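Visitor: Mind folding the following:
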Amino acid sequence: MSITINIYYSGENGNARKFAEEMENSGTAELIRGEDGNEKYEYFFPLRDCETVLLIDRWRDQQSIDLHHSSPMMKTIIQLREKYDLRMSVERFVSDKDGIPDSDEKFIKR
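Guide: Now for the predicted structure:
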């Protein structure tokens with residue numbers, strides 16, 4: 001079972017994008033990708049909202065998330081969120097252990 005967390009970072013004057021760029025350029029994002037249990041850590045930019053960045057963050061299980069939250073990277077993330085004065089909204093999804101139903105599979109081109 002994987003847990004996916006969508007975090008929408010919003011700010012002003014391009015600050016959300018600057019935050020994501022600093023996370024990448026400082027190597028912090030790469031360190032997070034290397035943490036035990038991290039399955040995905042990628043930033044995306046919505047076409048219709050230039051002041052928001054979407055982080056898709058997927059972990060193997062809740063224990064992996066808890067370990068991440070107690071890691072030194074969290075201090076860096078919090079400092080950068082404050083530096084860029086970002087607001088957040090969060091969505092959390094738990095993977096379906098049975099996978100994609102056959103009724104949905106026919107709509108997916110692989």
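Visitor: what's the weakest-modelled helix or strand in the chain?
Guide: None of the helices or strands of the chain scores lower by mean pLDDT, DSSP states H and E than helix 102-105, at a mean of 82.
Visitor: which stretches of this structure form helices?
Guide: 15-25, 28-33, 62-69, 72-83, 102-105 (DSSP state H).
Visitor: which helices and strands sit right next to the last one?
Guide: Translated: helix 102-105. With contacts defined as 3 or more C-beta pairs under 8 Å, 6 or more residues apart in numbering; DSSP states H and E, helix 102-105 has no helix or strand neighbours. For glycine as for every other residue, the C-beta is placed from the backbone atoms N, C-alpha and C.
Visitor: now the chain, which segments are flagged as low pLDDT?
Guide: Residues of the chain that meet the criterion pLDDT under 70 lie in 97-98.
Visitor: can you pull the contacts of the closest residue to T52 other than its chain neighbours?
Guide: The shortest distance from T52 to any residue other than its chain neighbours is 4.7 Å, reached at S10 (C-beta to C-beta, 6 or more residues apart in numbering). Neighbouring residues of S10 by C-beta atoms under 8 Å, 6 or more residues apart in numbering: 16, 49, 51-53, 86-89.
Visitor: Identify the bridge partners of S10.
Guide: Judged by DSSP bridges, the bridge partners of S10 are T52, R87.
Visitor: What distance do you get for it to A16?
Guide: Per C-beta to C-beta, to the nearest Å, S10 is found 6 Å from A16.
Visitor: now T52
Guide: Taking C-beta to C-beta, one finds T52 at 6 Å from A16.
Visitor: hang on, the earlier thing: okay, the contacts of S10 in CSV with distance to P72 and neighbour count next?
Guide: Formatted as CSV, the contacts of S10 follow (distance: C-beta to C-beta, whole Å; neighbours: other C-beta atoms under 10 Å):
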residue, distance to P72, neighbour count
A16, 23, 29
D49, 31, 12
E51, 29, 15
T52, 27, 18
V53, 22, 25
L86, 20, 21
R87, 24, 12
M88, 20, 11
S89, 25, 10
